[in-house]
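Trainee: Below are the sequence and a predicted model; questions follow.
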Amino acid sequence: MNYYFGFSWKGLLVFLLPMIVNIFYFLIPTSDISGNKANNHLILEVLEKGSQAIFIFLLIFVIRKQASKLLSHYTIGMAILLISYYVLWIFYFTGSENLPILLGMAILPVVYFVLAEIWLHNYLAIIPTSLFGIFHLIITYMDYQINH
């Protein structure tokens, strides 16, 4: 299928753009939905982090020989999702910590990454990204239920 190991600066950029808000998450004190309660979903977190590590590796280090246009309907969709994700973080940082916002914060980056993987023709990464999304969504919902 014309995949090879290398380094994808596009894949790295795609990964880093949603991570920008994490800088603010660690710098700006907010209420934390995960709280200090016992972890009741260790297995889910292991599956979530494992699938996340796999999709990040595939996104950055597995490349298709097929070229990707910088401006396409995929990148436009990615931009819309990314801006929407940032807006949800603004709501979160301003104290709006409700379930629809938190679920949106869990879903939007996953859809963004899947669009990016399609754009980059990196179809191998879609499966672990989708699994990550499922686990991330379940954990987000469980944490919200525990803390509210």
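Mentor: Now that the structure is in, tell me what you want to look at. Numbering: from 1, shown residues only.
Trainee: Give the buried residues for stretch 137-148.
Mentor: Counting neighbours by 16 or more other Cβ atoms under 10 Å, one finds that the buried residues in stretch 137-148 are 137, 139-140, 143-144. Glycine gets a C-beta too; all of them are placed from N, C-alpha and C.
Trainee: Throw those into JSON lines and include distance to Met19, thanks.
Mentor: Conversion of the buried residues of stretch 137-148 to JSON lines gives the following (distance: Cβ to Cβ, whole Å):
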{"residue": "Leu137", "distance to Met19": "19"}
{"residue": "Ile139", "distance to Met19": "18"}
{"residue": "Thr140", "distance to Met19": "17"}
{"residue": "Asp143", "distance to Met19": "20"}
{"residue": "Tyr144", "distance to Met19": "22"}
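Trainee: Cross those residues against strands and list the overlap.
Mentor: Among these, no member is found in strands (DSSP state E).
Trainee: what's the helix or strand for Met58?
Mentor: Just so we're on the same page, residue 58 is Leu rather than Met. helix 42-61 (DSSP states H and E).
Trainee: next one: Tyr85
Mentor: helix 73-93.
Trainee: From the contact counts, what lies against that helix?
Mentor: helix 9-27, helix 99-119 (3 or more Cβ pairs under 8 Å, 6 or more residues apart in numbering; DSSP states H and E).
Trainee: Enumerate residues external to that helix that contact any of its residues.
Mentor: 14, 17-18, 20-21, 24-25, 28, 30, 69, 101-102, 104-105, 108-109, 111-112, 115-116, 118-119 (Cβ atoms under 8 Å, 6 or more residues apart in numbering).
Trainee: Grab the nearest non-local neighbour of Leu58.
Mentor: In space, and not counting its chain neighbours, Leu58 is closest to Ala125: 3.8 Å by Cβ to Cβ, 6 or more residues apart in numbering.
Trainee: Would you check how far apart that neighbour and Ile56 are?
Mentor: According to Cβ to Cβ, to the nearest Å, Ala125 stands 9 Å off from Ile56.
Trainee: Spatially central residue for the protein, please.
Mentor: Pro109 (3.8 Å; Cα atoms, centre = their mean).
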